[in-house]
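Asks: here is my input, please return the structure:
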Amino acid sequence: MSKYLTQVINDEILEKFNLRNRYNFINNNVMSVLSSRDFNYLKSCQKFCIKLEKKHNMTHGPDEDVYNYVSEAGKQGIISRLYKYENLDLNYEPYGMIANFIRCLAGTPFDPQLALVIGGTELAINPLQLHHENLPIRLEALKELVTGKNHGCILITEPEGGSDAVHQTTLCDVQEDGSYILNGEKIYNTNAPRAKWAVIYATAEEKNANTMVQVLVDTSWNGWNCERVFIPWVPKVHIGRENLVNLRVPKEYILGEVGRGRDHLFEGLIEERIEIAYMSLCLCWGSLSHAFIYTNLRKQFDQEILKFQGVGFLLTDLWAKTMNLTLSIIKFCESYDEKVEKFNNQLPLNIRYAMVASASQLKYHCAKLSEEVCYESANLMGGAGLCDNTLTHDFLNSSRVQEIIGGSRQIQQYIMSMALRQLYKMM
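Replies: Numbering: from 1, shown residues only. Below you'll find the model as predicted:
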């Protein structure tokens with residue numbers, strides 16, 4: 001299907017919106033703040049996206065199934081770069097948090113809904129990487145997710161739970177053979193209707209955080225029932241509501257036994273919060289690249305609209321804020337990678353506490369900024385920024401999903417207030 005129902009942007013401007021031009025805008029901004037290695041990796045990821053778009057004649061239109069492209073992204077090694085994955089014989093280079101940010105900086109401006117799908121799988125990858133215990137079935141599942149052979153999801157939130165992730169009602173009954181039986185409901189889980197592998201949190205005693213468990217589930221098993229929750233802002237992303245009925249989890253699929261689930265939930269806070277932060281930031285760059293091109297070409301009163309203060313001054317404000325947060329994200333990622341290497345993947349507790357707080361701060365500010373930048377970029381483009389001729393509406397809608405379902409506003413402020421209390425106790 002065509003990208004648009006009716007073309008309303010003239011051919012000259014529409015052609016300038018091509019992916020290569022948008023990448024050039026981003027590259028000209030970040031080339032001076034990335035190392036040569038990281039900048040070259042960014043260009044290689046962008047080259048893959050350009051080739052993928054051309055190979056499949058992608059229009060990013062409403063009927064494209066973005067899940068069809070995950071396997072090719074996996075073969076290219078750009079679903080997750082947080083780890084080297086030596087245990088899977090992948091041996092990625094570069095890898096680490098900065099590399100993961102860079103693959104997102106290429107992927108999100110390319111297709112924000114595809115980026116959300118990949119991000120949903122990565123949320124299942126991280127706990128599995130930490131707790132595979134070298135068991136063959138776990139390593140097999142991990143490799144399928146990292147290489148894009150199958151999709152993954154993570155099930156935390158519940159219909160009545162909201163942002164309260166630890167007082168769960170999904171119950172886990174321990175069996176004599178060491179297996180678990182799960183019963184309960186989960187909701188708003190990215191990829192769940194399309195996923196083969198799900199990482200699920202439950203509890204042996206209702207609403208008792210001290211009895212939480214973490215398990216890996218094959219969604220083909222009896223007892224897994226999943227409906228799609230349709231969110232019009234991201235119509236190509238499949239989000240689920242799950243009803244788990246006597247779902248039996250064999251012992252070898254238990255990642256965290258009773259009492260360990262809560263610890264496993266919180267151990268990934270830095271990585272998961274910062275990932276949502278830089279996904280929001282990358283939405284800003286996608287929106288800005290469109291507004292930058294459009295305002296330099298679109299004329300009103302025989303002048304490019306960028307020259308009008310109401311347009312140019314607002315755009316420069318958005319640009320400056322986005323660049324400043326980009327510098328913050330790069331610094332955080334580089335610092336994280338340096339400390340992980342220094343402490344051999346075992347961050348001291350005081351450093352982890354400090355980085356959790358910083359990750360919350362960045363997640364909060366990136367979400368707030370994406371709300372502003374994605375909306376105002378569309379606003380500067382007028383009707384052209386809202387119609388289906390460009391991806392601007394996609395960035396705008398995805399920023400809302402990141403902000404709400406990603407838990408990036410009020411809950412992060414609450415978490416940061418608790419961090420201030422913790423810092424006081426450390427004085």
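Asks: switch to C-alpha atoms for all contacts and neighbour counts from now on
Replies: OK.
Asks: helices along the protein, start to end?
Replies: 11-16, 19-30, 36-55, 70-76, 97-110, 112-130, 136-146, 261-267, 269-297, 309-342, 349-380, 392-404, 410-425 (DSSP state H).
Asks: including distance to P232, could these go into TSV?
Replies: As requested, the helices of the chain are exported to TSV (distance: least, CA to CA, whole Å):
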stretch	distance to P232
helix 11-16	25
helix 19-30	25
helix 36-55	24
helix 70-76	21
helix 97-110	19
helix 112-130	12
helix 136-146	26
helix 261-267	29
helix 269-297	18
helix 309-342	26
helix 349-380	17
helix 392-404	9
helix 410-425	23
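Asks: surely S80 touches I102?
Replies: No - S80 is not in contact with I102 according to CA atoms under 8 Å; the separation is 10.7 Å.
Asks: and those two? which has more neighbours close in?
Replies: Just comparing S80 and I102: by other CA atoms under 10 Å the higher neighbour count belongs to S80, 30 against 23.
Asks: how much space separates that one from Q129?
Replies: S80 sits 11 Å away from Q129, going by CA to CA, to the nearest Å.
Asks: likewise G96?
Replies: For G96 relative to Q129 (CA to CA), the value is 13 Å.
Asks: again, but for K251
Replies: K251 is 18 Å from Q129, by CA to CA.
Asks: just give me the residue right at the centre of the protein.
Replies: Using CA atoms, centre = their mean, the residue of the chain that lies closest to the mean C-alpha position is G119, 3.6 Å off.
Asks: which residues does that residue contact?
Replies: Residues counted as contacts of G119 (CA atoms under 8 Å, 6 or more residues apart in numbering) are I79.
Asks: now swap in G152 and tell me
Replies: G152 touches 120-125, 145, 191-192, 195-198, counting by CA under 8 Å, 6+ apart.
Asks: 7 Å instead?
Replies: Listed by CA atoms under 7 Å, 6 or more residues apart in numbering, the contact partners of G152 are 120-121, 124, 145, 191, 195-198.
Asks: any idea of the pLDDT on it?
Replies: Reading off the confidence values, G152 has pLDDT 98.
Asks: what of Y201?
Replies: 96.
Asks: apart from its chain neighbours, what residue comes closest to it?
Replies: Closest residue in space to Y201, ignoring its immediate chain neighbours: Q214 at 4.7 Å, by CA to CA, 6 or more residues apart in numbering.
Asks: V70 and K47, how far apart?
Replies: Applying CA to CA, the value for V70 to K47 is 16 Å.
Asks: the more surrounded of these two?
Replies: V70 (23 against 14).
Asks: dump the residue contacts of the closest residue to the more buried one other than its chain neighbours.
Replies: Nearest residue to V70, sequence neighbours excluded (CA to CA, 6+ apart): G148, at 5.5 Å. Residues counted as contacts of G148 (CA under 7 Å, 6+ apart) are 70-71, 73-75.
Asks: residues near E140, how many?
Replies: Neighbours of E140 under the rule other CA under 10 Å: 13.
Asks: which ones are touching it?
Replies: Contacts of E140 (CA under 7 Å, 6+ apart): none.
Asks: and the protein, what are its domains?
Replies: Following automatic domain parsing, one finds the domains of the chain at 11-146, 152-259, 264-425.
Asks: adding distance to K3, write those out as TSV.
Replies: Below are these laid out as TSV (distance: least, CA to CA, whole Å):
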stretch	distance to K3
domain 11-146	4
domain 152-259	14
domain 264-425	7
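Asks: ok so, going back, for the residue nearest to Y201, list the residues it contacts.
Replies: Contacts of Q214 by CA under 7 Å, 6+ apart are 199-202, 254-257, 261.
Asks: out of those residues, who's the most crowded?
Replies: A202 (32 neighbours).
Asks: kindly state the beta-bridge partners for it.
Replies: Beta bridges link A202 to V213, judged by DSSP bridges.
Asks: N225: which of the helices of the chain is closest?
Replies: helix 112-130 (18.5 Å; CA to CA).
Asks: mind listing what's buried along the closest one?
Replies: For helix 112-130, a neighbour-count test (16 or more other CA atoms under 10 Å) marks 112-129 as buried.
Asks: got it, and stretch 304-316?
Replies: 304-306, 311-312, 314-315.
Asks: now stretch 386-404
Replies: Across stretch 386-404, burial judged by 16+ other CA under 10 Å covers 386-403.
Asks: check stretch 323-330 too.
Replies: Those would be 323, 325-326, 329-330, for stretch 323-330 by 16+ other CA under 10 Å.
Asks: pLDDT and distance to L5 for those - can I get that in a markdown table?
Replies: Below are these laid out as a markdown table (pLDDT from 0 to 100; distance: CA to CA, whole Å):
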| residue | pLDDT | distance to L5 |
| --- | --- | --- |
| M323 | 98 | 34 |
| L325 | 96 | 36 |
| T326 | 97 | 35 |
| I329 | 97 | 38 |
| I330 | 97 | 39 |
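Asks: tell me which of those is nearest to I239?
Replies: Closest approach to I239 among the buried residues of stretch 323-330 (CA to CA): I329, at 27.8 Å.
Asks: ok so, going back, and of the contacts of G152, the nearest to Y294?
Replies: Checking those against Y294 by CA to CA gives G120 as the nearest, at 31.6 Å.
Asks: now for the buried residues of stretch 304-316: which two are most distant?
Replies: Most distant of those, by CA to CA, are E304 and L314, 14.7 Å apart.
Asks: E338 - how many residues pack around it?
Replies: E338: 14 neighbours (other CA under 10 Å).
Asks: quick check: R37 vs I254, distance?
Replies: On the measure of CA to CA, R37 and I254 end up 39 Å apart.
Asks: residues in contact with F395?
Replies: F395 touches 112, 283, 286-287, 374, counting by CA under 7 Å, 6+ apart.
Asks: any idea of the pLDDT on it?
Replies: 95.
Asks: equivalent analysis for the one 10 residues further on, please.
Replies: Each residue has a pLDDT score; the one for I405 is 63.
Asks: ok, the one 10 residues further on next?
Replies: At I415 the predicted local distance difference test score is 69.
Asks: same check on I293?
Replies: Looking at I293, the pLDDT reads 97.
Asks: still on that earlier bit, just name the closest of the contacts of Q214 to I9, please.
Replies: Nearest member of the contacts of Q214 to I9, counting by CA to CA, is V199, at 44.2 Å.
Asks: might one say that the closest one is in contact with H151?
Replies: No - between V199 and H151 there is no contact under CA atoms under 7 Å: 11.6 Å.
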